[in-house]
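Show me how the following folds:
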Amino acid sequence: MINGYLKTSFVDYPDRMCSVIFFGNCNFRCPYCHNPALVFNNEPEYQWELIDEHLEKRKGIIEAVTITGGEPTMSPELIDVTRKLKDKNLLIKLDTNGSNPKMLKQMIDEKLVDYIAMDMKAPFSNYKKVILTDVNPELMKESAKMIINSNIDYEFRTTVHSELLKEEDFTEMAEDIKGAKKWCLQVFMNYHDVLDTSYMDNNKIDMGRLNKIAKRIKSLKSIKEIIVR
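Coordinates of the predicted model:
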């Protein structure tokens, strides 16, 4: 179910002005998540007709749509929505946790997505320490492999909190997505509304330390580009 819509964004699709569609529900419970209302699907439904009306008014100005959540691939509406957006000749970026490789494959095969940003939460060997649910990490591993071997643009991204990730984890994670062209590392930021507020003031990794971690990962030469943001 669509639970939100941002009419204009300059940061959610690389080098493009875009709109953002938010889907509710998520099968992860990452404590640092800054969209808890979407995770638990507590936001009111947003009507597709309003999105359609806005995109028609901004035709030729809005070039792309980013679809995020929550976890969009949990919604059976996702395929239909992306088909409608593609009929408008819009570029589509999907933000996903990678837990639904079957739907991801359908979107790639039908050319319904132009850019995928997949969250890389932790080493696959210890994924559940961050997601705090029983979702099988093999699903995310399958999605990561599919994305790396696809012909579309993509990035992996990791939110870094010292209570959840140790420095040695990054070496294993780099091996997990070996051959990827882009991995973005981002420091956990204190938001007013996160899933578990106990994580807000105890992160010991700042930008300086994260830059050092990124430099070490780059030396492994298993990932083509490491970005800190």
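
What helices and strands are in contact with the longest helix along the chain?
If you go by DSSP state H, the chain has its longest helix at helix 207-220. Judged by 3 or more C-beta pairs under 8 Å, 6 or more residues apart in numbering; DSSP states H and E, the packing partners of helix 207-220 are helix 167-176, strand 183-187, strand 226-228. Heads up, the C-betas are built off the backbone N, CA and C, glycines and all.

Save those as CSV, and put in distance to F40, mean neighbour count and mean pLDDT too.
What follows is the helices and strands packed on helix 207-220, written out as CSV (distance: least, C-beta to C-beta, whole Å; neighbours: other C-beta atoms under 10 Å; pLDDT from 0 to 100):
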stretch, distance to F40, mean neighbour count, mean pLDDT
helix 167-176, 28, 17, 95
strand 183-187, 23, 19, 96
strand 226-228, 31, 16, 96
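
export these to CSV and tack on distance to M120?
As requested, the helices and strands packed on helix 207-220 are arranged in CSV below (distance: least, C-beta to C-beta, whole Å):
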stretch, distance to M120
helix 167-176, 6
strand 183-187, 7
strand 226-228, 12
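
Please enumerate the helices of this structure.
With helices called from DSSP H, the chain shows them at 36-39, 48-57, 78-87, 101-109, 128-131, 137-148, 167-176, 207-220.

Next, work out how far apart the residue lying closest to L104 once chain neighbours are set aside and A117 are.
Counting by C-beta to C-beta, 6 or more residues apart in numbering, S143 is the residue found nearest to L104 once chain neighbours are left out, at 5.4 Å. Taking C-beta to C-beta, to the nearest Å as the measure, S143 falls 12 Å from A117.

shared neighbours, those two?
T96 (C-beta atoms under 8 Å, 6 or more residues apart in numbering).

Quick check, pLDDT for Y5.
You'll see Y5 listed with a pLDDT of 97.

That one bridge partners, please.
Y5 has the following beta-bridge partners by DSSP bridges: I21.

show me what contacts it?
Applying C-beta under 8 Å, 6+ apart to Y5 gives the contacts S19, V20, I21, F22, Y46, L50, I51, H54.

Could you tell me how many residues sit around the closest residue to M200 other than its chain neighbours?
Of all residues not flanking M200 in the chain, N190 sits nearest, at 4.8 Å (C-beta to C-beta, 6+ apart). A count of nearby residues for N190, using other C-beta atoms under 10 Å, gives 12.

Let me know whether N190 touches N202 as I believe.
No. Between N190 and N202 there is no contact under C-beta atoms under 8 Å: 10.2 Å.

Residues in contact with the helix or strand of the chain with the lowest mean pLDDT: which ones?
The helix or strand of the chain with the poorest confidence is helix 36-39; it has a mean of 91 (mean pLDDT, DSSP states H and E). Residues outside helix 36-39 that contact it (C-beta under 8 Å, 6+ apart): 3-4, 22-26, 28-29, 33, 42-43, 69-70, 193-195.

and the spatially most central residue of the chain, what does it touch?
With distances taken as C-alpha atoms, centre = their mean, D95 lies nearest the centre of the chain, 3.5 Å away. Taking C-beta under 8 Å, 6+ apart as the criterion, D95 is in contact with T66, I67, T68, G69, P72, A117, D119.

returning to that earlier point: give me every residue that touches the residue nearest to L104.
Contacts of S143 by C-beta under 8 Å, 6+ apart are T96, G98, S99, N100, P101, L104, M118.

distance of the fourth one from P76?
When C-beta to C-beta is applied, the distance between N100 and P76 equals 11 Å.

Looking at these two, which is more packed in?
N100 (23 against 9).
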